[in-house]
Structures are given as structure tokens and as C-alpha cells.
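# need a 3D model of the following:
(one chain, ligands or ions: 1)
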Amino acid sequence: MGVKTLWITLAITASTYLGAASALPVEDAVLTAPPHVPPAISRDHNARVVVHLETVEEIGTMADGVEYVYWSFGGTVPGSFIRVKEGDEIEFHLSNHPSSKMPHNIDLHAVTGPGGGAVSSFTAPGHTSTFAFQALNPGLYVYHCATAPVGMHIANGMYGLILVEPKGGLPKVDREYYVMQGDFYTKGKYGEAGLQPFDMEKAIEENADYVVFNGAVGSLTGENSLTAKVGETIRLYVGNGGPNLVSSFHVIGEIFDTVYIEGGDAKNHNVQTTLVPAGGSAIVDFKVQVPGNLIMVDHSIFRAFNKGALGMINVKGEEDKVVYSGKISEAIYQPEGSAIQSIEGEYQVAKAQNKEDKITFGKRIYNANCAACHQPNGEGIPQAFPPLAKSDYFNEDPIRGISAIVHGLEGPIKVNGESFNSVMPAMLLDDDEIANVLTFILNSWDNKGGEITVEQVQKVRKQKAH
Ligand SMILES: [Cu+2]
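Next up, the predicted model:
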């Protein structure tokens with residue numbers, strides 16, 4: 001409280017000292033860390049908005065077991081979200097923490113003026129620079145450090161977003177979030193443990209080890225997932241810091257009702273994937289009609305599943321079976337006809353009569369549903385998909401397999417001494433199919449044998465995901 005008052009006093013003193021050209025009322029900017037966005041601007045007049053932003057260099061976590069020295073604006077990657085109104089004057093105070101090894105500055109794409117403020121804001125460690133600009137154009141703008149070597153400062157995390165609301169504001173939505181993509185270049189490969197130094201050569205070759213949302217693998221998954229309720233409208237302020245890669249931003253399971261193309265005035269509707277250039281942005285609005293996990297990805301899809309560009313929006317609420325039914329039935333499709341099909345109720349379902357049947361049916365289910373990731377021979381793909389062949393994780397407790405299929409599996413796990421920290425989506429298989437596929441796996445590739453029953457599957461289905 002006391003500190004806050006002091007800041008405001010300082011801010012006002014500074015403004016007076018700077019001799020503001022106009023007599024606009026002065027206010028302190030509300031800054032937020034990602035994925036949060038400051039509240040919409042409610043005033044109908046312009047203001048002189050005072051922004052205090054600090055550059056810091058500190059160790060953070062890039063992925064499970066992987067550390068990195070991030071350089072940032074405000075201690076987060078991306079940096080603090082800044083929100084102003086078209087016509088506002090922004091008085092910008094950039095402080096470089098005394099512990100920094102490098103000078104830093106800021107180029108805001110919302111600035112009309114040389115270097116976007118870069119030269120005026122060049123700041124040595126332990127110093128503060130001040131400059132001011134008027135936000136002439138509305139839009140969602142990237143800001144970034146522009147100190148040489150520029151690419152290196154950006155690659156270490158020095159970017160963020162500033163929203164200049166148009167005069168009349170943006171249409172109201174229920175939730176707003178801040179999501180910004182960036183690519184990272186480390187001496188070690190993706191997932192290689194330890195404190196990883198920046199790799200200039202890989203950066204020049206544009207050969208990214210990590211492509212992530214909000215600065216790290218997993219910063220928007222699991223407990224960090226974004227949340228919403230059925231019926232709500234969501235707005236994502238999407239940025240791309242680069243330094244190199246453009247993003248094909250997509251949300252699996254949704255269609256963007258409105259896209260403010262490249263963060264400007266032009267609106268497109270009913271969009272599946274929108275391009276977010278390096279050093280650019282997009283605003284996407286959509287309403288969520290059904291519950292479930294929506295998955296944000298860069299649809300350059302290896303980046304999503306192998307380099308980290310994956311985030312989640314957890315939507316809770318009532319199902320709407322008209323909008324989305326879920327799987328209604330699953331029947332074996334054999335154009336030649338098959339002896340093992342039997343008529344049961346409305347749908348044709350083949351029921352396993354014994355363990356041998358389970359293995360036979362399970363193999364088909366495996367090839368159709370699991371092999372794409374875990375590979376036809378069950379050996380998985382290093383760093384991406386864990387093996388099911390001789391998996392100690394699975395063989396120790398095959399119930400874990402049921403849970404992975406029914407509830408999905410995400411977060412760090414160890415399989416045969418190797419760490420994985422990825423996402424397996426829940427699979428739409430019925431209880432028989434799950435019992436079959438896991439019985440097949442237990443009896444393949446030198447696994448320990450045994451059988452999974454429908455009752456075991458039902459029990460896990462009743463438990464909550466963890
Ligand atoms: Cu910098």
C-alpha cells in the first residue's frame with residue numbers, strides 16, 4: 001500500500017518534471033504478467049499513462065530439468081502486458097536492474113518515432129531512461145529489445161505486447177488472455193537437462209530447439225491451462241516474438257468467430273488458423289459451446305508435439321450433444337465382411353470371448369489409435385512419445401495405461417530412465433476396446449503378459465483425472 005502510494009507520487013513528480021505537453025490527467029499503467037491482461041479501459045477521455053518497466057536477466061525453467069538464462073521485461077516471458085487507449089500519451093520509464101550484464105532498450109511497434117523508442121530508451125545496468133510518445137494508431141503491437149545483437153536479446157525472451165484500444169474500445173468479452181509465441185535456441189537438444197546456453201549458430205540457421213507459448217514448455221498446460229465456461233466468449237491477444245519463426249496459430253476444437261488480422265482493424269470471420277508473423281500479432285475471439293480441452297498449437301505441427309508449442313483451454317460446463325455428440329458408435333469396418341462381427345443392440349460390435357480375442361481385437365485398435373505416436377513396434381520416439389515395449393512405467397502398474405487412455409496423461413513422467421513431459425490426449429474408446437488394446441500391449445514386445453478386464457476400465461473411468 002505504502003509502496004504503491006510512493007510510486008504514484010514519484011510518477012506524478014516525474015511527469016511534472018518532464019513538462020507534459022498537454023494537461024492530460026496522469027495515471028499509472030496497470031501491468032500484468034502473462035497469461036493475464038489488464039482490465040478494459042473504462043475512461044472516455046485520454047490520459048497520460050505512466051509505465052514503469054524493468055529489464056532483468058535471471059535463470060528460469062524452459063522445460064522439465066532444463067534451465068535457461070532469460071532476459072525479460074518485467075521478469076516474465078513474454079513481458080508485462082501494457083494497455084492504453086488511442087490518443088493517450090505514454091510516459092515510459094525503462095529501468096535496467098543493477099545485476100544485469102547487458103544494456104537493454106525497448107522498441108515498441110506502437111510508437112511513431114525513430115526506432116520505436118529504441119535509442120531514447122537505451123539503458124545501462126543500474127540506470128533508468130525516460131521517454132514519452134503518443135499512441136496514434138489503435139491495434140495490438142509487439143514490443144521488444146533492440147540492443148545489439150538484437151536477435152540475441154529477442155531470442156532470450158525480450159518481447160511483449162502493448163494494446164492500444166481504439167477510441168470506442170473493443171467489444172466486450174467474458175475472458176481475455178495473453179499468449180505469445182517465441183523460438184529458443186540451446187546448445188543441447190530439446191529436453192537435454194541442465195542450464196542450457198544460447199546457441200547463436202542455431203539461431204542464425206533458424207533451427208529452433210524450442211518453440212513455445214509464454215516462454216516455456218508447459219506454461220499453458222496442466223495446472224497452468226487457461227480456463228473458461230461453456231457459453232462464454234474468449235479473446236486471445238496473440239503475439240509472436242520470434243525471433244525467427246512465424247506462427248500458424250490454431251485452436252484444436254474451435255473456430256475463431258472473429259480475427260483482427262495482424263492485430264489491426266480488419267476483421268475476418270470463421271477462421272481455422274491465423275498467421276502471426278514474427279514481430280506481429282493477432283486478436284482472436286471465439287465463443288465456447290461445449291466442454292473439453294481446447295488445444296492451442298502452432299499448426300506447423302512438429303513444433304506443437306516436439307518443440308513445446310502447445311497450450312490448453314479447459315472449458316467446463318454442460319454438454320450439448322447437438323453441437324458435438326461424442327463418439328456414438330464404433331464398429332469394425334471390413335468391406336469384405338467378417339465372421340467376427342456380431343449384432344448387438346443397435347450397433348454391430350465384436351465382443352472378445354477370451355484373452356486370445358482380446359489380443360486380436362486389441363492389435364487393430366492399437367494400429368488405428370496408438371501406433372501413430374507410440375509406433376507400430378511400440379518403441380515410441382525419443383524425447384516425444386514414450387515406449388510401450390518393455391515400459392517399466394506401464395508394466396509396473398498397467399492401470400496407468402487405462403488412466404492414460406480414459407483421462408489423458410500430461411506432465412513429467414519417467415519411462416525406462418528417460419524423462420517425458422508431454423501430452424497424451426484422452427482417447428474416445430469404449431471400455432471393451434480399452435481392455436482389448438491394453439491386453440494386446442501386455443502380451444506384445446516382451447511385456448509381462450496378463451489381461452485387463454472391462455471392470456478394471458470401468459473403475460478407472462469413475463475416478464477423476466489426476
Ligand atoms: Cu536487451
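
# contact residues of the stretch 151-300 of the chain facing the ion?
153, 158 (C-beta under 5 Å from the ion). All C-beta atoms are positioned from the backbone trio N, CA, C, and that covers glycine.

# closest residue of the stretch 151-300 of the chain to the ion?
Closest approach between the stretch 151-300 of the chain and the ion, counting by C-beta to the ion: residue 153, at 3.5 Å.

# can you tell me the closest non-neighbouring residue to that residue?
residue 145 (3.9 Å; C-beta to C-beta, 6 or more residues apart in numbering).

# could you measure residue 391 against the ion, distance?
Counting by C-beta to the ion, to the nearest Å, the gap from residue 391 to the ion is 44 Å.

# how about that residue, what does it touch?
Listed by C-beta atoms under 8 Å, 6 or more residues apart in numbering, the contact set of residue 391 reads 415, 416, 447.

# give me the buried subset of the residues you listed.
415, 447 (16 or more other C-beta atoms under 10 Å).

# in strands only, show me the contacts of residue 391.
residue 415 (DSSP state E).

# now the strand or helix carrying residue 360: how far from the chain's centre is it?
Assigned by DSSP states H and E, residue 360 belongs to helix 355-369. Distance, stretch centre to chain centre, for helix 355-369: 35 Å (C-alpha atoms, centre = their mean, to the nearest Å).

# for it, name the packing helices and strands.
Of the remaining helices and strands, those touching helix 355-369 by 3 or more C-beta pairs under 8 Å, 6 or more residues apart in numbering; DSSP states H and E are helix 431-442.

# give the buried residues for the helix it packs on.
Buried, per 16+ other C-beta under 10 Å, within helix 431-442: 431, 432, 433, 434, 435, 436, 437, 438, 439, 440, 441, 442.

# my read: the second one touches residue 362, true?
Just to be clear, that refers to residue 432. No - in this structure residue 432 lies outside contact range of residue 362 using C-beta atoms under 8 Å: 9.9 Å.

# residues in contact with residue 367?
residue 376.

# residue 154: what secondary structure?
What DSSP: H, G, I helix; E, B strand; the rest coil gives for residue 154 is helix.

# no wait, residue 395
At residue 395 the chain is in helix, as set by three-state DSSP.

# contact partners for it?
Here residue 395 is in contact with 442, 447, 448 (criterion: C-beta under 8 Å, 6+ apart).

# now swap in residue 24 and tell me
45, 46, 47, 48, 88, 89.

# got the phi and psi for the second one?
With angles defined as degrees, to the nearest 10, residue 46 shows backbone torsions of phi -90, psi 160.

# next one, pLDDT for it please.
Confidence at residue 46, expressed as pLDDT, is 97.

# number of residues surrounding it?
18 (other C-beta atoms under 10 Å).

# buried stuff in stretch 157-169?
Buried positions in stretch 157-169, judged by neighbour count with 16+ other C-beta under 10 Å: 157, 158, 159, 160, 161, 162, 163, 164, 165.

# typed the wrong thing, it's stretch 68-85
With burial defined by 16+ other C-beta under 10 Å, the residues of stretch 68-85 counted as buried are 68, 70-74, 76-85.

# just the element for the residue nearest the centre of the chain, please.
Nearest to the mean C-alpha position of the chain, counting by C-alpha atoms, centre = their mean, stands residue 311 at 3.2 Å. In this structure, residue 311 sits in strand 310-316 according to DSSP H and E.

# name the helices or strands packed onto that strand?
By 3+ C-beta pairs under 8 Å, 6+ apart, strand 310-316 packs against strand 226-229, strand 292-298.

# single out the most deeply packed of those strands.
strand 292-298 (a mean of 21; mean count of other C-beta atoms under 10 Å).

# can you tell me what sits against the next helix or strand after that strand?
Using DSSP H and E, the next helix or strand after strand 292-298 towards the C-terminus is helix 302-306. By C-beta under 8 Å, 6+ apart, the residues outside helix 302-306 that reach it are 190, 208, 211, 245, 297, 298, 309, 310, 383, 384, 422.

# can we see that at 6 Å?
Residues outside helix 302-306 that contact it (C-beta atoms under 6 Å, 6 or more residues apart in numbering): 211, 297, 298, 309, 310, 384.

# kindly reformat the residues you listed as TSV containing pLDDT.
Formatted as TSV, the contacts of helix 302-306 follow (pLDDT from 0 to 100):
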residue	pLDDT
211	98
297	97
298	98
309	96
310	95
384	81
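
# any idea which of those residues is closest to residue 222?
Closest to residue 222 out of the contacts of helix 302-306 is residue 310 (11.1 Å), distances taken as C-beta to C-beta.

# the closest one: neighbouring residues, count only.
Close neighbours of residue 310, defined as other C-beta under 10 Å, add up to 25.

# now do the contacts for it.
297, 304.

# pLDDT wise, what is the residue nearest to residue 384 when sequence neighbours are not counted at?
With sequence-adjacent residues excluded and distances taken as C-beta to C-beta, 6+ apart, residue 384 is closest to residue 306, at 5.2 Å. Listed pLDDT for residue 306 reads 93.

# what is the burial count for residue 306?
That count, for residue 306 with other C-beta under 10 Å as the rule, works out to 18.

# separation between it and residue 209?
Residue 306 sits at a distance of 10 Å from residue 209 (criterion: C-beta to C-beta, to the nearest Å).

# residue 260 too?
Going from residue 260 to residue 209 by C-beta to C-beta gives 31 Å.

# now the residue nearest to residue 96 when sequence neighbours are not counted: how far from residue 93?
For residue 96, ignoring the flanking residues on the chain, the nearest one in space by C-beta to C-beta, 6+ apart is residue 123 at 4.3 Å. Separation of residue 123 from residue 93 (C-beta to C-beta): 10 Å.

# what parts of the stretch 1-150 of the chain come near the ion?
For the stretch 1-150 of the chain, the residues in contact with the ion (C-beta under 5 Å from the ion) are 104, 145, 147.

# pretty sure residue 89 is touching residue 48, no?
Yes - the pair residue 89 / residue 48 is scored as a contact, 4.6 Å apart, by C-beta atoms under 6 Å.

# circling back: what sits against the closest residue to the residue nearest to the centre of the chain other than its chain neighbours?
Here the nearest residue to residue 311 in space, its sequence neighbours aside, is residue 220; by C-beta to C-beta, 6+ apart that works out to 3.0 Å. Shown in contact with residue 220 (C-beta under 6 Å, 6+ apart): 213, 214, 311.

# for the second one, what are its contacts?
Residues near residue 214 by C-beta under 6 Å, 6+ apart: 34, 220.

# 10 Å - rerun?
Residues near residue 214 by C-beta atoms under 10 Å, 6 or more residues apart in numbering: 33-35, 76-78, 177-182, 220, 224, 311.

# for the first one, same thing?
For residue 213, the contact set (C-beta under 10 Å, 6+ apart) comprises 34-35, 78, 179-182, 219-221, 238-240, 247, 249, 296-298, 304, 308-311.

# one more time with 8 Å, if that's ok
179, 180, 181, 219, 220, 296, 308, 309, 310, 311.

# please name the bridge partners of it.
Beta-bridge partners for residue 213, by DSSP bridges, are residue 181.

# state the pLDDT value of it.
We have a pLDDT of 98 for residue 213.

# and the gap between it and residue 51?
For residue 213, the distance to residue 51 - C-beta to C-beta - is 24 Å.

# same question for the last one.
Taking C-beta to C-beta as the measure, residue 311 and residue 51 are separated by 27 Å.
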